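> no letters, just coordinates:
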């Protein structure tokens, strides 16, 4: 039997050439051949991160990068703003509180996006006095909403704040012009649109961020970015401690695939296929959580589960049919199901997911027009 | 050309069946099949850790586990003892200082071992008043010395102290009777005697350690062991955030190999092959850093580089001959070279390393009797 296909918001399907690369013979991380690999990967990552700044790789999960972004740039007592529009923004804010930062939450209803206007209002209010940094989730995986980082970046620059972005489910799926938009720190992980097995996380760091880093007193050792930069800049690039060498072999292949397709084409594919899914879902008679196209994520789509229908029956039916999707998290648990579409996927994967989703809802006696849905989906795919 | 063979103190050679397992199709970490895998691996790990306590797995390097062991069981200001007999003990103590612990270093000359007597003396002195925990490196990778944990454990129990052990280069190579010897926390990583690519680290945690954990106030989120335990104890075992799924596929294979060979046989093999190398080195006319057999590590052997010889010429010659060994670290830099022998290796690997080492020293005009060395090595292998 085929292994279930992952249409979850991470991990995503790993291309066979990436998997096979991870099975290569191990090399030692203090040897020149590793140094060359690290140099090569770092350059390719800069292309994907759209930055001339530093990009640093750590063994760990995305949550580790969220922690790293907190402890490397701030000190206990520092006042910072967190855009919270779902589970992951909420988690990031909690980490900052654990490390003693003074957290101001810029919240919004789950399914909506935090905006530059909201931020400007907050910063010019009493509550916004003395804020040093702004943490924003680019793509909120728990709702399928993405934020307009360009506009938020302008507000951060105007107020001279450090701008930190969680791009775990957006990097290499949704345009993120790190340098152009003034994003100082971008964090992400390997198992989403980077098409690599889980176990690596990443940071991009601007010059301005390094200035903050030099003043920051939060305790850190494992996630010490300055130390990682020092090792990376050796004549033979290294990591401070043992890197996840075989995952880096895989990443190198995945980055080649992204370069060959071209970043713009990668973004266009994600957008087009997300539109294919969204229009198909609607044409079937199902409801999207995020109706506003301006904030609808090209990498994660949440579908509303009608009252009276058990969401876990939908995900179970799909799992038994060989496609893994995700349920809702926290306050959206039971109210939505989520389809991830990023990295290594194509129109057939969307069509199969759409069909199976329709059948799953039909099984729960929800009226679904499969034919209409698929017709519309393929029209959108072919003609935009 | 064949890839260079790793006889370093980590990463070590990965068995092909382990490498291939890491290339399997990805599965989702919130699905039942992952839960079963995690349950299975956890049980196998308990066998290797020789514990009935908890064993928890994190995506990360061994250094992360060193940090985790500090932040999960103590609070800023807590007084703790660190056995420091080389680079890794020194690193661990530094991490504790960064997180605000009051560190008492129980030092010894590099190449010697910290003893239970030393510890007892310290604990009954003025300096030892109020100590809450003792951190000991089981096998000091930078020198090739290992400590008598059983005796140290008795001292810790007598004084009711938490006993934490770095077993990064010892677990599954050198006997470590976690429960029997009263070790409360053991940390290790995947890329040493566990024969798995780097990117996983591990903690065993005793009941006593959990009691410390409940009082500990050091900030932690990524390395939060209590959270990991909570997720592991779900009906369908999970991790709090995305685990390094493909590395776990590999680990599962490696643990099967260890179970099939049997822990006692694994330890005996490491001891016998380390004796083969040590006696061979001596018979060749070279000098061992650690002369005392009672503390000579079965997993790492340091060979003294005579004055006037450039240590990097030895490691370079070996690298060019296809075998990677390591140089000295910190105060032993330039003074020793280090051979790692743990995990997936046999007598031929030792013989090849010994031969090439002898040739490397000959090239530097050191008088070496290759024949004597190999003769002795194989005698030790065959007759003990």
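All right, it came through fine. What you are looking at is a predicted structure, and each value in this text was computed from that prediction instead of being measured.
> enumerate every residue touching residue A:71.
By CB atoms under 8 Å, 6 or more residues apart in numbering or on different chains, the contact list for residue A:71 reads A:99, A:216, A:218, A:219, A:220, A:223. To be clear about C-beta, it is placed using only N, CA and C from the backbone, and glycine gets the same treatment.
> okay, it: pLDDT?
pLDDT recorded at residue A:71 is 98.
> kindly report the same for the one 4 residues further on.
The score at residue A:75 is 98. That number is its pLDDT.
> and residue A:81, by the same measure?
Note on residue A:81: pLDDT of 98.
> one more: residue A:384?
Value for residue A:384, per-residue pLDDT: 73.
> circling back: which one of the contacts of residue A:71 sits in the busiest neighbourhood?
Neighbour tally across those (other CB atoms under 10 Å in any protein chain shown): the maximum, 25 neighbours, falls on residue A:223.
> check the gap between the closest residue to that one other than its chain neighbours and residue A:198 for me.
Nearest non-adjacent residue to residue A:223, counting by CB to CB, 6 or more residues apart in numbering or on different chains: residue A:68, 3.6 Å away. Per CB to CB, to the nearest Å, residue A:68 is found 16 Å from residue A:198.
> and the end-to-end length of stretch A:107-125?
15 Å (CA to CA, to the nearest Å).
> what mean pLDDT does stretch A:269-277 have?
Averaged across stretch A:269-277, pLDDT comes to 98.
> helices along chain A, start to end?
Secondary structure of chain A (DSSP state H): helices located at A:16-22, A:32-49, A:62-71, A:87-98, A:116-123, A:149-158, A:207-215, A:225-232, A:245-261, A:263-284, A:311-320, A:347-363, A:370-383.
> pick the most deeply packed of those.
helix A:62-71 (a mean of 27; mean count of other CB atoms under 10 Å in any protein chain shown).
> ok, now which ones touch residue A:282?
Each residue near residue A:282 by CB under 8 Å, 6+ apart is listed here: A:288, A:376.
> for it, give me the pLDDT.
Looking at residue A:282, its pLDDT stands at 98.
> then residue A:3?
pLDDT, residue A:3: 85.
> so it versus chain B, what's the distance?
4 Å (CB to the nearest CB, to the nearest Å).
> quick check, that residue in contact with residue B:27.
Yes - contact criterion CB atoms under 8 Å: residue A:3 and residue B:27 qualify, at 6.8 Å.
> excluding residues flanking it in the chain, which one is nearest the closest residue to chain B within the stretch 201-350 of chain A?
Closest residue of the stretch 201-350 of chain A to chain B, CB to the nearest CB: residue A:244 (3.4 Å). Of all residues not flanking residue A:244 in the chain, residue B:199 sits nearest, at 3.4 Å (CB to CB, 6+ apart).
> near the one you found, how many other residues are there?
Neighbour tally, residue B:199, other CB under 10 Å: 32.
> that one contacts residue B:190, correct?
Yes - applying CB under 8 Å, one finds residue B:199 in contact with residue B:190, separated by 6.4 Å.
> list the contacts of the spatially closest residue to residue A:147 that is not a sequence neighbour.
Spatially, and ignoring its direct neighbours in sequence, residue A:147 is nearest to residue A:113 (4.9 Å; CB to CB, 6+ apart). Counting by CB under 8 Å, 6+ apart, residue A:113 makes contact with A:85, A:140, A:145, A:146, A:147, A:148, A:295.
> give me that answer again for 10 Å
A:83, A:85-86, A:136-137, A:140, A:143, A:145-148, A:152, A:290, A:292, A:294-297 (CB atoms under 10 Å, 6 or more residues apart in numbering or on different chains).
> how near is it to residue A:250?
Counting by CB to CB, the gap from residue A:113 to residue A:250 is 33 Å.
> for residue A:194, phi and psi?
phi -80, psi 0 (degrees, to the nearest 10).
> wouldn't residue A:31 be in contact with residue B:6 here?
Yes - the criterion here is CB atoms under 10 Å, and residue A:31 meets it with residue B:6 at 9.4 Å.
> which neighbours do the two share?
Common neighbours of residue A:31 and residue B:6 (CB under 10 Å, 6+ apart) are residue B:324.
> who has more neighbours, the two?
Neighbours were counted for residue A:31 and for residue B:6 using other CB under 10 Å; residue B:6 has more, 26 against 18.
> low pLDDT regions in the stretch 101-250 of chain A?
For the stretch 101-250 of chain A, no stretch is flagged by pLDDT under 70.
> close to chain B: what parts of it are there?
By the rule CB under 10 Å from any CB of the partner chain, the part of the stretch 101-250 of chain A lying against chain B is A:168, A:189-192, A:196-201, A:218-224, A:239-250.
> and with 7 Å instead?
Applying CB under 7 Å from any CB of the partner chain, one finds that the stretch 101-250 of chain A approaches chain B through A:191, A:197-199, A:219, A:221-222, A:241-247.
> picking that back up, buried among the contacts of residue A:113? Need that as a selection in PyMOL.
To isolate the buried members of those in PyMOL, using 16 or more other CB atoms under 10 Å in any protein chain shown:
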select buried, chain A and resi 83+85+86+136+137+140+143+145+146+147+148+152+290+295+296+297
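> mind checking which of the contacts of residue A:113 are in strands?
Of the contacts of residue A:113, the ones assigned to strands by DSSP state E are A:83, A:136, A:137, A:140, A:145, A:146.
> closest to residue A:306 among those residues?
The shortest approach to residue A:306 among the ones in strands among the contacts of residue A:113 belongs to residue A:145, at 20.7 Å (CB to CB).
> so what's the closest one up against?
A:85, A:111, A:112, A:113, A:290, A:295, A:297 (CB atoms under 7 Å, 6 or more residues apart in numbering or on different chains).
> touching, the second one and residue A:290? I think so.
Yes - with contact defined as CB atoms under 7 Å, residue A:111 and residue A:290 form a contacting pair (5.7 Å).
> related to what we said a few turns ago, any chance of the helices of chain A in TSV, plus distance to residue A:184?
TSV is the format used below for the helices of chain A (distance: least, CB to CB, whole Å):
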stretch	distance to residue A:184
helix A:16-22	30
helix A:32-49	12
helix A:62-71	10
helix A:87-98	15
helix A:116-123	15
helix A:149-158	8
helix A:207-215	4
helix A:225-232	12
helix A:245-261	23
helix A:263-284	21
helix A:311-320	38
helix A:347-363	35
helix A:370-383	37
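> closest one to residue B:353 among these?
Of all those, helix A:32-49 comes closest under CB to CB, at 19.7 Å.
> ok, and what's touching that closest one?
Everything outside helix A:32-49 that qualifies as a contact, by CB under 7 Å, 6+ apart, is A:27-28, A:52, A:55, A:171-172, A:178, A:186, A:202, A:204, A:232, A:236-238, A:245, A:248, A:251-252, A:255, A:258-259, A:263.
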